[in-house]
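1. next input, structure requested:
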Amino acid sequence: MSTTVTDEQIRALAATAKSYSLALLQWGPERTANGADAIELEHQRRMVSLRAEGVIAILCPVASDTVAGVAIMTVPAEEATKIMAEDPCVRAGMMRCEVLPCHGFPGDTLPA
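-> Numbers count the residues shown, from 1 in each chain. The predicted model follows:
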């Protein structure tokens, strides 16, 4: 690490933290069930729609045999859990979703 960060900088950043929810999607046992491609397309459509509506701030599909994706959601964890329980892939057993409360900081972005 070449950048020095002071205790004061850490406290100042922490004071700006905003609450979010992290949705961690993992592949489930029905991932390759009959009709899975159509269900996954509806999942993708729904996730992109939630992103367009501002419910999902960051959407990250993951190239993995175990993890399907990660979404940072702008709603409280309880609401995010309800939203994700209605996901087509979750309902079909193709994915499992764990929602965890988390914090982010104003101005954080993914590089272009």
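2. if I look at the nearest residue to residue 91 once chain neighbours are set aside, what pLDDT would I see?
-> Leaving aside its sequence neighbours, residue 91 sits nearest to residue 85 (CB to CB, 6 or more residues apart in numbering; 7.7 Å). Where you see a C-beta, it was placed from the backbone N, CA and C, and this is true even at glycine. Looking at residue 85, its pLDDT reads 98.
3. also residue 71?
-> 98.
4. give the other helices and strands that the helix or strand hosting it contacts.
-> Element membership for residue 71 (DSSP states H and E) is strand 67-73. Other elements packing on strand 67-73 under the criterion 3 or more CB pairs under 8 Å, 6 or more residues apart in numbering; DSSP states H and E are strand 18-27, helix 36-52, strand 56-61, strand 95-104.
5. 7 Å instead, please
-> strand 18-27, strand 56-61 (3 or more CB pairs under 7 Å, 6 or more residues apart in numbering; DSSP states H and E).
6. so which of those is the most packed in?
-> Highest mean neighbour count among the helices and strands packed on strand 67-73 (mean count of other CB atoms under 10 Å): strand 18-27, with a mean of 18.
7. and the angle from that strand to helix 36-52?
-> 170 degrees (axes from the mean of the first three to the mean of the last three CA atoms, to 10 degrees).
8. helices and strands around strand 18-27, which ones?
-> strand 67-73, helix 77-85, strand 95-104.
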